[in-house]
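Q: The sequence and its predicted three-dimensional model are supplied below.
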Amino acid sequence: MSPGSNPSSPSMTRVHSSPWVLSLRLSLLLAIWDRAKCGSGDGKSLWQRPLTNNDFLTGTFPDGFLWGVGTSAFQTEGSWDRDGKGASIWDHFTHKLYRMGNSIGMATADTASDSYALWEQDVESVRYLGAKFYAFSLSWPRLFSDGNSTGPPNPVAVEHYQQLIRMLKALGLEPVVTLFHWDLPQSLQEHLGGWKNPEMVRVFSDYATFCFATFGRDVRYWITMHNPLLLALLGYGTGAHAPGVTGDPADPFIVAHNLIRAHAESWHIYDKQFRPHQHGQVSITLGSHWVEPFKGQATAVNVELCQKSMEAVIGWFAEPIHGSGDYPSSLQVSHQGLIPEFTPEEKLWVRGTADFFSLAFGPDTPRAVHSISSFGQSGMLNLRKVLVWVQQEYRDPHVLVAESSWFSDASVGVEDTVAIFYMKRFINQVLQAVVVDHVKVFGYTAWSLVDGFEWNNGYSIRRGLFYIDFNQPQRTRVPKTTAQFYRKVVKDNGFPTNETGKDITGQFPCDFHFGVVHLQPFSPQFTDPLLYRWNYTGDGTLRPVIGVRLRTRGSQCSDFLAIQRHIQLVEMTGTSHYRFGLDWPQLFPNGDISSADREAVRYYRCLLTELQRKGIQAVVTLYQPSLRSPTMGMPSPQHDSGGWMNTSMVEAFANYATFCYQEFGSLVQVWITINEPNRLIETYNRNAQDRERVVRNLLLAHARAWNIYHTHFRQLQGAKVSFTIHADWVEPANPFVKSHRNAVQSFMLLELGRFLDPFLKDMDHPNKKTVLTDERAELKGALDFIALNHFTTRLVLSKAPLTETYNHGYSLMYDPTWTSSKKGQALAPWGLRRVLGWVKDRYRDSRSIVITATGIDDQASHDDQLRQTYIRSYLQEVLKAREMDGIDVGGFYVWKLQDHHGSDFGFFTSSHHRSQPKASVTVYRELISQRGFPVTTGDPVTSPLVMPCELNERRMACWLCNGLAENRPLLFFGICVTISMLMLAGVIITSVVVKSRKHKRRGVIQILHKKGVLLVFESGNPIL
């Protein structure tokens, strides 16, 4: 893929026009200028209408996309005075600082990477990457020692660059050649004052003409200058860069003005003299940063400041060249009297002097401009937004990313893990810009090929894909892990979609557990025997009547005011199972089983009874450690005696479990003994021996509780018993480092293996005698299913050889390219499937697996898009694990039912916010009603119906009793009305019958006595 057609602009170089021609040109210029002066584009809208689809994008770049790598001459070539090379301003600058002992690292670039001598190794390195082009700069003082390009060039230097270009072309690699990357000949600085002198426009154009003529036959892409902003700002403003000029605040603007004019002159020379037969393209590489509105508040003022910041950096050079032909108005207003003015003719002459937009996005520009050009806004590393801003501001040009990377500390060496994530982020942001935003990016340049001299940072930081030990004279090129990563990206042409990442259709079985989790439900109860009167003193208060106590009825479950509302929330999710934890200290404040709090017992019985009547199966956790609790969720006596460090905890927990089985067992379908013991041991920050003691006691406590249930309660109650493990998946932070790859297995053994192995395998955790031999029989098999709490995936890297004990021999991190929540939890659904696969591979099919908790925090109060995506995608991975991997996964529980205060993990807002359902409730309920992801055709007529599951036995048996229990008052009233109606009907019917019979008797015989005559009638007929 190549940039679009070349813009044509009139060449104004050395052209002598008659007055009438000049007048005509000026008239034309003014007409064009009137159309352009209003501004170039609409980059400001980027902050007003933020981009969408910000998640990591899988996919590939367009066919023909150019992948490359770059270097600059001064940073890598070395040989600073070899073969007739003259001194550059950077040679002079670093030598002077070296003599002064400056903190630049007491270093010079005299040898640097020695690329002048080892250029063939550099070419081989480019080939290793699979790149399509190599971007490098010519050394102006190597070609012309005094900078005078009208004189004879250095033939050795000419041959060197011709050899390099020829080899690149022979290998099918495209040379992208930069004329000037800050290494101005020192002679020009001394005799002309460098870029402060407008004569430099002619001097540079002479140099450009020579290069076009000498090398242009084999060069398709020319860059006149690399990031001239830093030369103007740091070289002639702060003095941090060569030539180190400071003092006059107008100098940076004068230098920038001359640099722009020199570039435009060179472009016109190429356009007129060389383009017709060389067919190349010319641009200038401009550096940029990115800013976001302060605290994310896109007010009109902040948006204006963000735009002003971009105009003060990249717009300083881009607006004259790619935009209106003049400096941004905000820059002119901010620096009145300092910025030179373009004449009307110069504006037309400068405008459009780039055949494509060449962009540099690395650490140098943001660090240089942060303090002077942020205007109180927040700096961000977002290459995608810079590209879209360029697209909108400068009429959608073709773009070459001419520099992109970050840096590593020199001590990192070849395992530059963090640099991989920066590269991954930047490249994916380019992909998003191309695919989603349709920015016309045609190439990407990884920077740089080899480690080199990093300007005023010397050798203290590294940016190369190939490592160089600067203490070794050989300067051997060793590929870093970033080189291996970039090589893969180039080979794949991006980030192709993995087949395993595609969604599938299918449904879960009817006995699959769809659940929701809540930590420890609580309800106040109403048992107040006092009589109150309101507003007795006129103050609107409610006061008790002193001396009066009412006779209250006996305790009932309706005393607990929140149970019904709490269970109503559970019902709204559509779940079949509800998991919650008992409050051990609340049940036994003194830690003694004989002194149980009967009100707490009654509360849990009421809650469990109500759940049963609703047909919701209860999953009850006996011990839920909590950092919020000062006693870690155990009674104070047990905590004060050392907690799980004390072996007496095993017996105490067994007694507690036995009590709970007795009191609640008939109402509980699943028991969780201990929640996440692998997280609990982290609170015992002691030596390895102490931590292993804690692990042993936790394992024995569960085993004891399991065996008690199995022996004394299972036959009658029929529940299942397990403990939950926190089971986040890990990936190697750097997949190209063996120690990182090995750390995955070691980490999983530490997190899962040492807790599950004693129950499910014949050996304990490898090489560790955590459990004594005579205790193994008690542990073996004491697990009815494998319960995993999975929330996210992280990256693991080994800091030291991992041992089997939890000794923090590794570090954990997140991939910054992953979508993550406010609390930093990554959305990586494929990790759930991988941890399920790991469990299956290690324990075969010895037990079914249940995901007993999973979820993500979402700050949205209603439309919680992140949680909705999380639930769908993670449930998809469970379905894939069942259908594609043959893993017996029996349940999926979402954490959690309700927020505690602000928006967090809950399906519902907190009670303080009226327990309002979030949008994810509807999503989860729909998934449950469909039992997953059934096949649909989009046609409601032909779409297959989701076969409904029969009600389970408990719900079937309780359907009538549930209905009756829920409507007891109405039922009683209905019965009373019915009985009354029946009684009334009986009275009416009896009365009617009696009256009817009397009437018939009177009608049979009627005797009338009239005027002494006796008349007898029968049925109205006289008979006597």
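A: Nice, thanks for sending it over.

Q: How about residues contacting the helix or strand where Arg275 lies?
A: Per DSSP states H and E, Arg275 falls inside helix 275-278. For helix 275-278, contacts defined as Cβ atoms under 8 Å, 6 or more residues apart in numbering pick out 6, 212, 216-217, 219, 270. All C-beta spots, glycine's among them, are computed from the backbone N, C-alpha and C.

Q: I'd like these laid out as TSV, including distance to Glu731 and secondary structure.
A: As requested, these are exported to TSV (distance: Cβ to Cβ, whole Å; DSSP: H, G, I helix; E, B strand; the rest coil):
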residue	distance to Glu731	secondary structure
Asn6	46	coil
Phe212	49	helix
Gly216	48	helix
Arg217	49	helix
Val219	42	coil
Tyr270	49	helix
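
Q: Quick one, which of those residues are buried?
A: Burial of the contacts of helix 275-278 was assessed by neighbour count (16 or more other Cβ atoms under 10 Å); the buried members are 6, 212, 216, 219, 270.

Q: of all these, which comes closest to Glu311?
A: Using Cβ to Cβ, Asn6 comes nearest to Glu311 of these, at 26.2 Å.

Q: Export the contacts of helix 275-278 to CSV and append columns for distance to Phe375 and pLDDT.
A: CSV is the format used below for these (distance: Cβ to Cβ, whole Å; pLDDT from 0 to 100):
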residue, distance to Phe375, pLDDT
Asn6, 36, 39
Phe212, 40, 98
Gly216, 42, 98
Arg217, 47, 97
Val219, 40, 98
Tyr270, 37, 98
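
Q: Three-state assignment for Ser991, please.
A: helix (DSSP: H, G, I helix; E, B strand; the rest coil).

Q: Neighbours of Phe204, how many?
A: By other Cβ atoms under 10 Å, 27 other residues sit near Phe204.

Q: make that Trp830, sorry
A: Neighbours of Trp830 (other Cβ under 10 Å): 17.

Q: Now do it against Thr854, distance only.
A: 14 Å (Cβ to Cβ, to the nearest Å).

Q: got it, and Arg776?
A: To Thr854, Arg776 is 32 Å away according to Cβ to Cβ.

Q: Mind checking which of these two has more residues around it?
A: Neighbour totals were compared for Arg776 and Thr854, and Thr854 leads with 23 against 15 (other Cβ under 10 Å).

Q: how much space between the more buried one and Phe791?
A: Thr854 sits 6 Å away from Phe791, going by Cβ to Cβ.

Q: what sits in contact with each of the two?
A: Trp895.

Q: Would you map the helices across the stretch 51-200 of the chain?
A: Per DSSP state H, counting those that start in this stretch, the stretch 51-200 of the chain carries helices over the ranges 73-76, 89-100, 119-129, 140-143, 155-170, 186-192, 200-215.

Q: and if you look at the stretch 701-850 of the chain?
A: Assignment of helices within the stretch 701-850 of the chain using DSSP H, counting those that start in this stretch yields the ranges 714-717, 738-748, 754-760, 776-779, 830-843.

Q: Show me the least confident stretch of those, going by mean pLDDT.
A: The minimum mean pLDDT among the helices of the stretch 701-850 of the chain belongs to helix 776-779 (a mean of 90).

Q: now it, how far from the centre of its chain.
A: Offset of helix 776-779 from its chain centre (Cα atoms, centre = their mean, to the nearest Å): 43 Å.

Q: Pull out the buried positions in it.
A: Within helix 776-779, the residues that count as buried by 16+ other Cβ under 10 Å are 778-779.

Q: name the helices or strands packed onto that helix?
A: helix 688-712, helix 754-760 (3 or more Cβ pairs under 8 Å, 6 or more residues apart in numbering; DSSP states H and E).

Q: I'd like those helices as TSV, with distance to Lys85 appended.
A: TSV is the format used below for the helices and strands packed on helix 776-779 (distance: least, Cβ to Cβ, whole Å):
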stretch	distance to Lys85
helix 688-712	60
helix 754-760	63
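
Q: of all the ones you listed, which lies closest to Val401?
A: helix 754-760 (47.5 Å).

Q: Show me what the closest one is packed against.
A: Using 3+ Cβ pairs under 8 Å, 6+ apart: helix 754-760 touches helix 688-712, strand 720-726, helix 776-779, helix 830-843.

Q: lowest-confidence stretch among the helices of the stretch 51-200 of the chain?
A: When I compare the helices of the stretch 51-200 of the chain, helix 89-100 is least confident, with a mean of 89.

Q: would you put the C-alpha positions of that helix in CSV?
A: C-alpha atoms of helix 89-100 as CSV (Å, rounded to 0.1, in the frame of the first residue of the first chain):
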residue,chain,number,x,y,z
ILE,A,89,26.8,19.8,16.8
TRP,A,90,26.1,16.7,18.9
ASP,A,91,29.7,15.6,18.8
HIS,A,92,30.7,19.0,20.0
PHE,A,93,28.0,19.1,22.6
THR,A,94,28.7,15.6,24.1
HIS,A,95,32.5,16.1,24.1
LYS,A,96,32.1,19.4,25.9
LEU,A,97,29.7,17.9,28.5
TYR,A,98,32.0,14.9,28.9
ARG,A,99,34.9,17.1,29.7
MET,A,100,32.8,18.9,32.2
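
Q: And the contacts of it?
A: 74, 80, 104, 106-110, 141, 182-186, 189, 194, 235, 241-244.

Q: which of those count as buried?
A: Neighbour-count burial (16+ other Cβ under 10 Å) applied to the contacts of helix 89-100 gives 74, 80, 104, 107-110, 141, 182-186, 189, 194, 235, 241-244.

Q: Now do the contacts for Arg847.
A: Contact analysis of Arg847 by Cβ under 8 Å, 6+ apart lists 760, 783-786.

Q: Distance check, the most centrally placed residue in the chain against Ile871.
A: The structure's the chain has its C-alpha centroid closest to Thr819; by Cα atoms, centre = their mean the separation is 2.0 Å. Computed as Cβ to Cβ, the Thr819 to Ile871 distance reads 14 Å.

Q: Report the distance from stretch 483-496 to the chain centre.
A: Counting by Cα atoms, centre = their mean, stretch 483-496 comes out at 21 Å from the chain centroid.

Q: Could you do stretch 237-257 as well?
A: Computed by Cα atoms, centre = their mean, the chain-centroid distance of stretch 237-257 equals 41 Å.

Q: In it, which residues are buried?
A: Buried positions in stretch 237-257, judged by neighbour count with 16+ other Cβ under 10 Å: 237, 241-245, 250-257.

Q: residues making contact with it?
A: Contacts for stretch 237-257 (Cβ under 8 Å, 6+ apart): 88-90, 92-94, 182, 184, 189, 194-196, 228-236, 316-317, 335, 337-340, 368, 455-456.

Q: That stretch: end-to-end distance?
A: End-to-end distance for stretch 237-257, by Cα to Cα, to the nearest Å: 14 Å.

Q: ok, which stretches of the stretch 301-450 of the chain are strands?
A: Secondary structure of the stretch 301-450 of the chain by DSSP state E, counting those that start in this stretch: the strands cover 357-361, 378-379, 398-404, 408-409, 440-447.

Q: so can I have CSV of these showing mean neighbour count and distance to Val650?
A: Shown next, in CSV, are the strands of the stretch 301-450 of the chain (neighbours: other Cβ atoms under 10 Å; distance: least, Cβ to Cβ, whole Å):
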stretch, mean neighbour count, distance to Val650
strand 357-361, 28, 59
strand 378-379, 15, 53
strand 398-404, 25, 58
strand 408-409, 17, 49
strand 440-447, 25, 58
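
Q: For Phe514, find the nearest of those.
A: Closest of the strands of the stretch 301-450 of the chain to Phe514 is strand 378-379, at 42.0 Å (criterion: Cβ to Cβ).

Q: gap between the closest one and the chain center?
A: Relative to the chain's own centre, strand 378-379 is displaced by 19 Å; criterion: Cα atoms, centre = their mean.

Q: Pairing partners for it, with directions?
A: Sheet pairing of strand 378-379 (DSSP bridges) gives strand 291-292 (antiparallel).
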